[in-house]
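no letters, just coordinates:
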């Protein structure tokens, strides 16, 4: 089968590899669509993300959907033919974190496209059957792939306890910001303000339901005219995070989703005087059923985020598509093409 | 001013009373709209609800909106002219329940139209300024009055922890059931099934967004084809409550809103084996800001529930309107007419 | 190896069986101590508990400790020699309940001494390595076995949100009641009242720290002079449960631990007016680390509960020990003797 | 009556003032004991704390106990003679924060010894009756005064969700650290490690139940050999806070109690990868009943913390007592002496 392999920074090739065989409890998935994530691009550009270093050839891609075409031992044959969305991180399921329901914190997590685990820029992949989630026919292949970033948004809203009537500030209107915004609206938030420095993205935020947008390029969050209950930080821009936290209402929650270096400056006095709760997110847990329901019921539109479509042999173009194009939000690769 | 006074079971008269004077921290409200609640009708029919007995003439009505026309000591004059929705229960604000944020459980609560406290079937009422909630202009007088039953729905969804992707069963499609259904949808629930024995109400449930309805007259909940995460029981029909609880998924929550006698039969083994959480609601606390946001943002439609409109001198007709008319949902009285 | 097998009601025999072999990820445990639970006695007397019917010979016993003497594939050899407490229910770890941290609600749970899964009245058993919890040397073999009922107590206090300053009522002073009482005290509860009809058990409750005891034989809970925040119901006596719930303070929690038939009468009006939360418990999840810490740190004494010690060939006597002896609390069987 | 008045930095005088008169719902308290808090000393030294500036003469002291000797309108005469502990912050009880149970975040809070509200270094004070908490006879006058700092500890443990079996790290072994440590133990924590640079305080921590202590003067927290579930930061030493947070286990909670400037450096990557929750505390809410129960039941010893006793005319000595004396923990002033 064909795969796209990263051998080092900016060194990517199309490579034939043997078809994977599903192990016990695994399914074999013919991949239909794979979204490109900022982390894929970061690995492509730098060959690493923090401590995770690409030391041997790595297949990128972890936002994937497809069709089950084979099953391993212990899996019902009846699953063959199912259209599925792949949850790309499979924990060990036996450690204390897993048994507590926090499997995203499992120290033995095997996550697609995170060295040394290969990802989904390939015609076929295998995954544990519990992590291949069947999707209804009214979710497209792209939508099924983008349930992965949607899971990030679902998780951020859960961490932030977004609820009916919540006032939410989203900083950063990339794919995760735009999706978190839609999740906040689907959770009943009635004010959802989005900030970014890219006017194209702000316009898209408006189109997708933001109650207000702020161009943070001039004056930061100065024009914000409410005190949010929840901040969902998706910019990953450390200098701005402290300012955003300082905008929160008493008892507000700050959910730090965007990755942006090792440290930020936390406004201690504000956090204390308003008893603000600050937390970070690491992937997600138990989000697929919710994400599927939200898309299947029409609450959230993922297809609108797709701004570029690529064949497998165009993966490199997909990976760099957002570099120069200010209108790009989400590129999708179709491995069968 | 004119008021409508209940002197005993089915004994109601129009009566002139002196205008009330706002005490310290109170506002004087010219009442514009008052919804009729099942409890009003129950007092009218029986002169009591459980331990609450109408021993002296009582003004009914506790779902009210209006305009502030005067203020007591300690209230800003600037509040005169505000359109407000009245939260009809004023707690003492100093007891342990109040200080803990559970003011609905305050033992010294003074609640409109609950003996011996008069209600809002009157041209003017007074209320503590913190319980006269300003509403924006895109909420109608009727909508502002019906923020009270909406608060019941907001509270039931909070107690049931309805969240994005929740599957919810609502038993009983009266005003509270229909409103709770809308709240569940606004909270992100993606399956909301409503049961009742009245086909007109089921049709209205469908119109307002129920994903399915069940005619419970034949076979109870037999045709329910999912295991709900949350039950919001609004029928107050004890024999059916145990069956509804038994439908819940593991870790499900049952919120008992409908009042229906002193006791029900609880399916102990089911509650244990699935670790179901059962709770009851008593009014609400801190719900108005949420309710206002939900209506003002268009998430919830209250006006559609109004099926009868009455002048103050027609209050008796309003009180009995639902007795014979299967299509009646919510009667509203206009004290200025 | 020797085992004790139940073939039907009151039909129990000592039987030689082949040594079990640890499967992948399992350990082989030489059993040192096994507590006798009321459910063991119930199976012995009746051959069934509700839907669980002993249809083929069954080894009883699920409160067990021992020493690891062998390991299956995938388990470190270094575990041989560890003294362990066995968590007797092994879930599938891959279903939605497990992945959510509620593995006690796993529909595929395999639980010791629950038909058709054999228990621990045997010289050796196997169990998944994640469910064989190493214990420090200051916990005795009996104590390590009784971490199982302690887990029930830990779970009931978690469900009841027992916290510093809580006032707790425990109904039923059997082993679970006495253990839940100790857990409540270890959680910071400052009033813990225990009721029972057995004065010997009440005396033991006092000795172990109850702040007051009530003889429920005469007048039920009439002499209770406080409104508890939490009820931990361990009697399994349905007629008394409604009364106990009615004693709770506003916003109180009732945790129904004792199994006692299919139904109870729930005081609906009380549950509503005080917004009481009622829930049941089904086993436990993620409790062993807490239970181990509590015993190792001396917060809870389990050894004091052991009132009878038996060899494996005396298992039948152990099973019936509490039938006639009012002073019996917990019998322990020593399979190596 | 005699009072001690701060007129500016290090300018303190004994002054006769008229007896205060209890307003509506207030009680008049003859003050028996007042603890000296670090904030009192800070006002004395600098005339300000952050934005709070002593602009007119201020009576310090907010940890107070006494006896009710008079009542205002609306208070039962029966309260005269009660021994009470004073909760020194009285909120407006009508704002959204108060109605939500978060009265510590009330923007209209009137707090003893916070400009311009006078404190309790006086023979008599008045306070709202709901904030004069009756104490049983087995709590001493000093203990009743120190329920105020105990409330800080109760609150920090609640915010940190300290529970049975928790592993807790307390940084800073001043009065608040030592009290939080005792609260953690009373909440069931089984490992409570305390760090400080003062060996006398570490010895006291050991004496009061710390399971281990760390001299942070050499090597910071380097010798910490466990990953805490909860950090209760009581040092207020910004450079060390980031390190302490980095020690937390996955899903750990950091509660920032110690005040130490406007900003700290937050280890973002750690907070994200372990999904750590960071929050600050501002005073407390609804803690007195718990604090009273913990002391009355003997769970927590406050008297042991008193290291200096002073007459009212020695208040200045009390305020500076901890400046040079490394063995000083808590000074108490007796206004009747």
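Noted; the coordinates are in hand. Nothing here was measured: the structure is a model prediction, and the numbers come from that model.

stretch A:146-163 and chain B in contact?
Yes. Using C-beta under 8 Å from any C-beta of the partner chain, stretch A:146-163 comes into contact with chain B via A:154, A:157, A:158, A:163. In short, each C-beta sits where N, CA and C put it, glycine included.

now the closest residue to residue A:79 other than its chain neighbours: phi and psi?
Using C-beta to C-beta, 6 or more residues apart in numbering or on different chains and skipping residues adjacent in sequence, the residue nearest residue A:79 is residue A:68, 5.1 Å away. Main-chain torsions, residue A:68, degrees, to the nearest 10: phi -70, psi 130.

wait, doesn't residue A:68 sit right on residue A:135?
No. In this structure, residue A:68 is not within contact of residue A:135 by C-beta atoms under 8 Å, at 11.5 Å.

identify the residues contacting the most far-flung residue of chain A relative to its centre.
The outermost residue of chain A, judged against the average C-alpha position, is residue A:273 (33.0 Å), by C-alpha atoms, centre = their mean. Neighbouring residues of residue A:273 by C-beta atoms under 8 Å, 6 or more residues apart in numbering or on different chains: D:280, D:282.

same thing but at 7 Å, please
Counting by C-beta atoms under 7 Å, 6 or more residues apart in numbering or on different chains, residue A:273 touches residue D:282.

mind listing the shared neighbours of residue A:68 and residue A:135?
In contact with both residue A:68 and residue A:135: residue A:84, using C-beta under 7 Å, 6+ apart.

returning to what we had before: right, and out of the residues of stretch A:146-163 next to chain B, which lies closest to chain D?
Comparing these against chain D with C-beta to the nearest C-beta places residue A:158 closest, at 11.3 Å.

contacting residues for that closest one?
Counted by C-beta under 7 Å, 6+ apart, residue A:158 has zero contacts.

ok, residue A:170 next?
A:177, A:180, A:181, A:192, A:194, A:232, A:234.

still on that earlier bit, helices - which of the residues of stretch A:146-163 next to chain B land there?
Using DSSP state H, the subset of the residues of stretch A:146-163 next to chain B located in helices is A:154, A:157, A:158.

now, among these, which is nearest to residue B:302?
Closest approach to residue B:302 among these (C-beta to C-beta): residue A:157, at 26.0 Å.

residue D:55 versus the closest one, what's the distance?
45 Å (C-beta to C-beta, to the nearest Å).

with adjacent residues omitted, what lies nearest to the residue of the stretch 201-337 of chain A at minimum distance from chain C?
Nearest to chain C, among the residues of the stretch 201-337 of chain A, is residue A:286, at 5.2 Å (C-beta to the nearest C-beta). Closest residue in space to residue A:286, ignoring its immediate chain neighbours: residue C:100 at 5.2 Å, by C-beta to C-beta, 6+ apart.

repeat for residue A:92
Residue A:92 sits nearest to residue A:108 (C-beta to C-beta, 6+ apart), 4.1 Å away.

ditto for residue A:294
residue A:300 (4.6 Å).

just give the number of residues close to that neighbour.
Counted with other C-beta atoms under 10 Å in any protein chain shown, residues neighbouring residue A:300 total 27.

what does the stretch 1-150 of chain A have sitting close to chain C?
Residues of the stretch 1-150 of chain A lying near chain C by C-beta under 7 Å from any C-beta of the partner chain: A:93, A:94, A:99, A:100, A:101, A:103, A:130.

ok, residue A:121 - contacts?
By C-beta under 7 Å, 6+ apart, the neighbours of residue A:121 are A:3, A:4, A:34, A:59, A:60, A:61, A:312, A:315, A:333, A:335.

wait, the second one touches residue A:14, no?
Yes. In this structure, residue A:4 is within contact of residue A:14 by C-beta atoms under 7 Å, at 5.9 Å.

which of the two has more neighbours?
Neighbours per residue (other C-beta under 10 Å) separate residue A:4 from residue A:14, with residue A:4 holding more: 26 against 14.

quick check, the residue of the stretch 201-337 of chain A closest to chain C in a strand?
No. Assignment of residue A:286 by DSSP: H, G, I helix; E, B strand; the rest coil gives coil, placing it outside any strand.

find the closest residue to chain C in the stretch 1-150 of chain A.
residue A:101 (2.2 Å).

now residue A:263. Nearest residue, chain neighbours left out?
Nearest non-adjacent residue to residue A:263 (C-beta to C-beta, 6+ apart): residue D:265, at 5.2 Å.

am I right that the one you found is in a strand?
Yes. In this structure, residue D:265 lies within a strand as judged by three-state DSSP.

how about it: which residues does it bridge to?
Beta-bridge partners recorded for residue D:265 (DSSP bridges): residue A:265.

now for it, how many residues are close by?
16.

on the three-state scheme, the residue of the stretch 101-250 of chain A found nearest chain B is what?
Nearest residue of the stretch 101-250 of chain A to chain B, counting by C-beta to the nearest C-beta: residue A:165, 3.5 Å away. Classification of residue A:165 using three-state DSSP returns coil.

show the pLDDT at it.
Per-residue pLDDT puts residue A:165 at 98.

let me see the contact set for residue A:233.
A:171, A:241, A:244, A:254, A:255, A:256, A:257, A:258.

mind running it again at 6 Å?
A:171, A:241, A:256, A:257, A:258 (C-beta atoms under 6 Å, 6 or more residues apart in numbering or on different chains).

which one of the residues you listed sits in the busiest neighbourhood?
Neighbour-wise, the contacts of residue A:233 (other C-beta under 10 Å) top out at residue A:171, 30 neighbours.

that residue contacts residue A:195, doesn't it?
Yes. The pair residue A:171 and residue A:195 qualifies as a contact (C-beta atoms under 6 Å) at a distance of 5.1 Å.

count of neighbours near the residue of the stretch 1-150 of chain A closest to chain C?
19.

once you drop chain neighbours, what's closest to it?
residue C:101 is the one closest to residue A:101 (C-beta to C-beta, 6+ apart), at 2.2 Å.

touching, the one you found and residue A:100? I think so.
Yes. Contact criterion C-beta under 6 Å: residue C:101 and residue A:100 qualify, at 4.8 Å.

chain center to stretch A:80-96, what's the gap?
16 Å (C-alpha atoms, centre = their mean, to the nearest Å).

identify the residues contacting the most centrally placed residue in chain A.
Compute the mean C-alpha point of chain A, and by C-alpha atoms, centre = their mean the closest residue is residue A:149, 2.6 Å away. Contact analysis of residue A:149 by C-beta under 6 Å, 6+ apart lists A:175, A:176, A:179.

so which residues on chain A come close to chain D?
Within reach of chain D by C-beta under 6 Å from any C-beta of the partner chain, chain A has these residues: A:102, A:105, A:250-251, A:262-269, A:271-273, A:275, A:277-280, A:282.

mind listing the helices for chain A?
For chain A, applying DSSP H gives helices covering A:38-46, A:96-99, A:141-145, A:147-159, A:175-186, A:199-207, A:238-246, A:268-273, A:288-296, A:315-324.

how much does the longest one deviate in direction from helix A:288-296?
Pointing back at helix A:147-159 there. 110 degrees (axes from the mean of the first three to the mean of the last three C-alpha atoms, to 10 degrees).

can you give the distance of helix A:147-159 from its chain's centre?
Relative to the centre of its chain, helix A:147-159 is centred 7 Å away, using C-alpha atoms, centre = their mean.
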